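Undergrad: generate a structure from the sequence data that follows.
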Amino acid sequence: EYSALAAAGVLPLDAVLELVSLRGRLMHEADPEGKGAMAAVLKLNAEQVTECIEEAKKASGELLVVANYNTPAQFVASGTQKAIAALQESVKARKGRALPLAVSGAFHSPLLAEAAAEMEKAIHALPKSTWNNAHFPVFTNTPGKGFTDATALQNELCKQMTSSVFWVDTVQNLFSAGARHFVECGPKNVLSRMVDPILTEFPAAAPAEGAEKPWVAEAASAMHQ
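TA: Residues are numbered from 1 along each chain as shown. Sure thing, here's the model as predicted:
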């Protein structure tokens, strides 16, 4: 998302690098006692995951949220260690899988509120003249929708550390906006591999009978091999 803001001319590259550096430090320092945890939840649908989250919150008495909506059958939960342990039991009872992630905190959850407050201060501390309307829509993690207005993009950026990542909505809304070629720039293909299961379940993307799927998803690293 920060890279997209630079590419769309919303923020200059030096401001983006400054914010990303601060964000990394704040996330690293957010949970020195290791109270937070995350787990990937597989083989269950959104309704079942919501049920598991509620059961785990009730059993543990502690905070737990869906941090990432990655695909219609892949989610990430974020909360306290105790809540994640309770979630694993609830998911197992429904024949799903809950895999603990090797992370240093409960990212994209209210447990990062203190770090997010510091991030918000830094975002608003940038001179108003630094912010520009986007040359093209930037689709943000929080609602998964596209924005061009600088103030709206600034506000969405302030929510990012504590809000869920709505990747399913993001990809579907990109398709509805006309995107047909999804290219992942990076060393791996984690995100591009999610496009097929997301759009396969999206009625608006359904190909005509006998036709090929109307989208292409690939990693930039694979394109140049």
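Undergrad: only C-alpha atoms for contact and neighbour calcs from this point on.
TA: OK.
Undergrad: the residue nearest the centre of the chain and residue 56, how far apart?
TA: With distances taken as Cα atoms, centre = their mean, residue 165 lies nearest the centre of the chain, 2.8 Å away. Residue 165 sits 21 Å away from residue 56, going by Cα to Cα, to the nearest Å.
Undergrad: what of residue 154?
TA: Distance, residue 154 to residue 56, using Cα to Cα: 34 Å.
Undergrad: higher neighbour count, the two?
TA: With neighbours defined as other Cα atoms under 10 Å, residue 154 and residue 56 compare such that residue 56 has more, 24 against 17.
Undergrad: residues in contact with the more buried one?
TA: By Cα atoms under 8 Å, 6 or more residues apart in numbering, residue 56 lies in contact with 64, 83-84, 86-87, 90.
Undergrad: which pLDDT value belongs to the residue nearest to the centre of the chain?
TA: Looking at residue 165, its pLDDT reads 97.
Undergrad: cool, and the one 3 residues further on?
TA: Residue 168 is assigned a predicted lDDT (pLDDT) of 97.
Undergrad: buried stuff in the one helix or strand it maps to?
TA: In the assignment (DSSP states H and E), residue 168 maps to helix 167-176. Neighbour counts over helix 167-176 (16 or more other Cα atoms under 10 Å) mark 167-175 as buried.
Undergrad: what's the closest of these to residue 135?
TA: The closest of the buried residues of helix 167-176 to residue 135 turns out to be residue 174 (Cα to Cα; 16.0 Å).
Undergrad: who's in contact with that closest one?
TA: So residue 174 contacts residue 139 (Cα under 8 Å, 6+ apart).
Undergrad: ok so, going back, run through the bridge partners of the residue nearest to the centre of the chain.
TA: Bridge pairing for residue 165 (DSSP bridges) gives the partners residue 68.
Undergrad: put the alpha carbons of the top helix by length along the chain into PDB.
TA: Criterion DSSP state H: the longest helix present in the chain is helix 13-29. Extracted in PDB, the C-alpha atoms of helix 13-29 (Å, rounded to 0.1, in the frame of the first residue of the first chain):
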ATOM      1  CA  LEU A  13       9.400   8.400  -2.100                       C
ATOM      2  CA  ASP A  14      11.400   9.900   0.800                       C
ATOM      3  CA  ALA A  15       8.300  10.400   2.900                       C
ATOM      4  CA  VAL A  16       7.200   6.800   2.100                       C
ATOM      5  CA  LEU A  17      10.500   5.400   3.200                       C
ATOM      6  CA  GLU A  18      10.400   7.400   6.400                       C
ATOM      7  CA  LEU A  19       6.900   6.100   7.300                       C
ATOM      8  CA  VAL A  20       7.700   2.500   6.400                       C
ATOM      9  CA  SER A  21      10.900   2.600   8.500                       C
ATOM     10  CA  LEU A  22       9.000   4.000  11.500                       C
ATOM     11  CA  ARG A  23       6.200   1.400  11.000                       C
ATOM     12  CA  GLY A  24       8.700  -1.400  11.000                       C
ATOM     13  CA  ARG A  25      10.300  -0.200  14.200                       C
ATOM     14  CA  LEU A  26       6.900   0.400  15.900                       C
ATOM     15  CA  MET A  27       5.700  -3.100  15.000                       C
ATOM     16  CA  HIS A  28       9.000  -4.600  16.200                       C
ATOM     17  CA  GLU A  29       8.700  -2.800  19.600                       C
END
